[in-house]
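>>> Mind looking at a prediction? Sequence and model below.
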Amino acid sequence: MAQETSSVDRPRVGPSHLPVRERLQTWNEFTIAPSESVLREQAGRCIDCGVPYCHAIGCPIANLIPEWNELVASGDWHEAFLRLEATNNLPEVTGRICPAPCEAACTLAVNTDAVTIEQTELAIIERAWASGWVVPRPPEHESGRSVAVVGSGPAGLAAAQQLRRAGHAVTLLERSPQLGGLLRYGIPDFKMEKHLIDRRILQMEAEGVTFRTGAHVGADVPLDHLRSDFHAILLAGGAERSRDLNIPGRELNGIFFAMDFLPQHNRRNAGDFVLEDRWISAAGKHVVIIGGGDTGADCLGTCHRQKAASIRQFEIMPLPPGLRAPSTPWPLWPLMLRTESSHEEGGQRHWSILTTRFNGDDRGNVRSLATVAVGPPPAFEPVPGTQEEFPADLVLLALGFT
């Protein structure tokens with residue numbers, strides 16, 4: 001859609017955050033959305049380029065980004081919502097926690113700051129919910145076919161909604177007590193509050209999707225039953241087997257997977273009961289998070305709010321450059337240093353560091369980590385004479401999934 005003018009000369013203005021001291025006192029989201037005038041101006045920075053790399057290369061679901069940018073810039077929020085809804089079942093999720101590869105592929109990112117695409121996306125869907133535009137869309141015709149969707153994370157929810165809108169009878173099975181998968185149990189509330197999941201599920205129920213919680217396929221729900229009861233089965237269980245670090249001392253108490261740590265706090269914040277003898281708390285402890293990705297950052301923000309005595313985050317990779325590395329030119333996803341909101345809140349980041357041993361006390365509790373600096377990938381050769389020891393009462397393994 002052609003755009004007559006662009007405010008590309010205007011500087012990028014993204015969302016602001018509550019002060020660190022204030023936001024660390026709560027588990028709620030802390031992003032402050034810009035005013036409508038700023039949002040429209042920022043959407044107007046989109047230059048309607050001939051090949052929209054944000055859409056064609058950056059966005060995995062091919063959002064119609066230039067179209068809804070232009071519509072927001074002109075103040076047509078409802079039409080912008082219809083464009084967004086055409087490709088995205090969960091924009092309230094992607095608008096909050098997507099890493100925004102669309103912005104890395106934005107044409108402006110060649111030599112200036114990218115358009116605030118994710119910010120505009122979130123503004124569109126939140127206005128749509130507030131305005132009553134997000135309504136159930138049940139199918140006009142039934143197909144006579146049935147589908148079982150296993151797993152209620154973002155993939156399962158989106159697939160179930162699309163299958164139902166195509167006219168199929170859809171039953172979504174989730175082994176946990178509540179729906180949402182990692183959205184509910186893995187993403188901290190300060191990044192995404194859980195009422196956002198609930199309102200989407202209500203829409204899907206009104207469209208005719210059937211939900212079954214506490215249904216563990218392969219355990220209390222035999223797979224043969226699904227094969228006989230449904231025409232098709234869609235597996236959307238995700239990757240939940242955490243990568244371990246099998247080094248001396250791994251058996252010590254106080255070493256946990258990130259996905260043992262994070263879900264507990266979401267459950268307790270939601271009012272669920274967690275046994276005290278199974279409760280993992282960072283309060284007053286020296287914490288080391290092994291893993292420098294998003295999950296590690298989620299652990300970092302959670303430990304801040306629990307008032308840890310100190311927090312270190314280890315990453316085996318070297319410190320990335322502050323700007324896009326020449327090895328990842330536009331429009332590729334850039335190799336560069338990323339600082340999340342949790343990093344702004346405190347803690348120390350360590351790069352090119354390898355943990356070689358966990359040390360404990362005579363009661364079997366972890367008390368420190370032995371480390372060594374390493375060279376670049378893929379060899380990660382230890383650097384002689386760089387051995388160190390760091391205190392640790394709590395170690396969180398955020399090394400990804402297998």
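Cool, the structure landed.
>>> what's the single longest helix in the chain?
helix 117-131 (DSSP state H).
>>> who's in contact with the spatially most central residue of the chain?
Residue closest to the average C-alpha location in the chain (CA atoms, centre = their mean): Ile97, at 4.2 Å. Ile97 is in contact with Ile187, Lys191, Met192, counting by CB atoms under 8 Å, 6 or more residues apart in numbering. C-betas here are computed from N, CA, C, even on glycine.
>>> Could you check the pLDDT of the first one?
In this model, Ile187 is scored at 96, pLDDT.
>>> The last one now?
Turning to Met192, the model gives it a pLDDT of 97.
>>> now it: how far from Gln161?
18 Å (CB to CB, to the nearest Å).
>>> Over to the first one?
Plainly put, Ile187 is 19 Å away from Gln161 if you go by CB to CB.
>>> do Thr355 as well
On the measure of CB to CB, Thr355 and Gln161 end up 42 Å apart.
>>> sorry, back to before: can you lay out the contacts of Ile97 as CSV showing secondary structure, neighbour count and distance to His78?
Supplementary listing: the contacts of Ile97 in CSV, determined by DSSP: H, G, I helix; E, B strand; the rest coil; neighbours: other CB atoms under 10 Å; distance: CB to CB, whole Å:
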residue, secondary structure, neighbour count, distance to His78
Ile187, coil, 23, 29
Lys191, coil, 18, 28
Met192, coil, 19, 25
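>>> which one of those is nearest Thr112?
Lys191 (27.8 Å; CB to CB).
>>> can you give me the strands in this structure?
For the chain, the strands defined by DSSP state E cover 16-17, 31-32, 146-150, 169-174, 210-213, 232-235, 255-257, 286-290, 310-315, 348-351, 353-360, 366-373, 388-391, 394-397.
>>> What is the distance between the longest helix of the chain and the centre of its chain?
Between the centre of helix 117-131 and the centre of its chain there are 18 Å (CA atoms, centre = their mean, to the nearest Å).
>>> likewise stretch 208-223?
For stretch 208-223, the distance to the chain centre is 25 Å (CA atoms, centre = their mean).
>>> can you check stretch 290-305 too?
The answer for stretch 290-305 is 12 Å, by CA atoms, centre = their mean.
>>> Ok, stretch 194-211 next?
20 Å.
>>> Now do the buried residues in that stretch.
By 16 or more other CB atoms under 10 Å, the buried positions in stretch 194-211 come out as Lys194, Leu196, Ile197, Arg200, Ile201, Met204, Glu207, Gly208, Val209, Thr210, Phe211.
>>> Likewise for stretch 275-286?
For stretch 275-286, by 16+ other CB under 10 Å, it's Ile280, Ala282, Lys285, His286.
>>> Val217: which of those is nearest?
Out of the buried residues of stretch 275-286, the member with the shortest distance to Val217 (by CB to CB) is Ile280, at 27.6 Å.
>>> what's the closest non-adjacent residue to that closest one?
Phe261 (5.0 Å; CB to CB, 6 or more residues apart in numbering).
>>> looking only at pLDDT, what's the mean for stretch 88-107?
97.
>>> What residues of it count as buried?
For stretch 88-107, using 16+ other CB under 10 Å, the buried residues are 88-98, 100-107.
>>> what's the answer for stretch 308-328, then?
So for stretch 308-328, counting by 16+ other CB under 10 Å, buried means Ala308, Ser310, Ile311, Arg312, Gln313, Phe314, Glu315, Ile316, Pro320, Arg324.
>>> Need the residues you listed in a markdown table (columns: pLDDT).
Output for the buried residues of stretch 308-328, formatted as a markdown table (pLDDT from 0 to 100):
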| residue | pLDDT |
| --- | --- |
| Ala308 | 98 |
| Ser310 | 98 |
| Ile311 | 98 |
| Arg312 | 98 |
| Gln313 | 98 |
| Phe314 | 98 |
| Glu315 | 98 |
| Ile316 | 97 |
| Pro320 | 96 |
| Arg324 | 93 |
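>>> So, low pLDDT: which residues of the protein?
Within the chain, the stretches with pLDDT under 70 are 1-7.
>>> tell me the residue furthest from the middle of the chain?
Outermost in the chain, CA atoms, centre = their mean: Asp362 at 38.9 Å.
>>> gap between that one and Asp189?
38 Å.
>>> what's the answer for Gly167, then?
For Gly167 relative to Asp189 (CB to CB), the value is 36 Å.
>>> Looking at the two, which is more packed in?
Shown here are Gly167 and Asp189; by other CB atoms under 10 Å, Asp189 has more neighbours (19 against 16).
>>> how about the more buried one, what does it touch?
Trp27, Asn28, Glu29, Asn266, Asn269.
>>> By neighbours, which of these wins?
Asn266 (22 neighbours).
>>> one step back: out of the buried residues of stretch 194-211, who's nearest Cys299?
Using CB to CB, those come closest to Cys299 at Lys194, 18.4 Å.
>>> neighbours around the residue lying closest to the closest one once chain neighbours are set aside, how many?
In space, and not counting its chain neighbours, Lys194 is closest to Arg184: 5.7 Å by CB to CB, 6+ apart. Neighbour count for Arg184, taken as other CB under 10 Å: 24.
>>> Please verify my assumption that Arg184 contacts Gln178.
Yes: using CB atoms under 8 Å, Arg184 is in contact with Gln178, at 5.7 Å.
>>> returning to that earlier point: now distance to Val51 too, for the buried residues of stretch 275-286, in a markdown table please.
Shown next, in a markdown table, are the buried residues of stretch 275-286 (distance: CB to CB, whole Å):
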| residue | distance to Val51 |
| --- | --- |
| Ile280 | 48 |
| Ala282 | 47 |
| Lys285 | 51 |
| His286 | 51 |
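>>> Out of the residues you listed, which is nearest to Pro34?
Ala282 (33.2 Å).
>>> Against Phe261, how distant is the closest one?
To Phe261, Ala282 is 8 Å away according to CB to CB.
>>> I figured the residue nearest to Ile280 hits Arg278, correct?
No: contact criterion CB under 8 Å: Phe261 and Arg278 do not qualify, at 11.3 Å.
>>> which residues of the stretch 251-400 of the chain fall in helices?
258-269, 294-305, 341-344 (DSSP state H, counting those that start in this stretch).
>>> sorry, that was for the stretch 1-150 of the chain
Going by DSSP H, counting those that start in this stretch, the stretch 1-150 of the chain shows helices at 20-23, 36-43, 53, 65-73, 77-85, 91-97, 101-104, 117-131.
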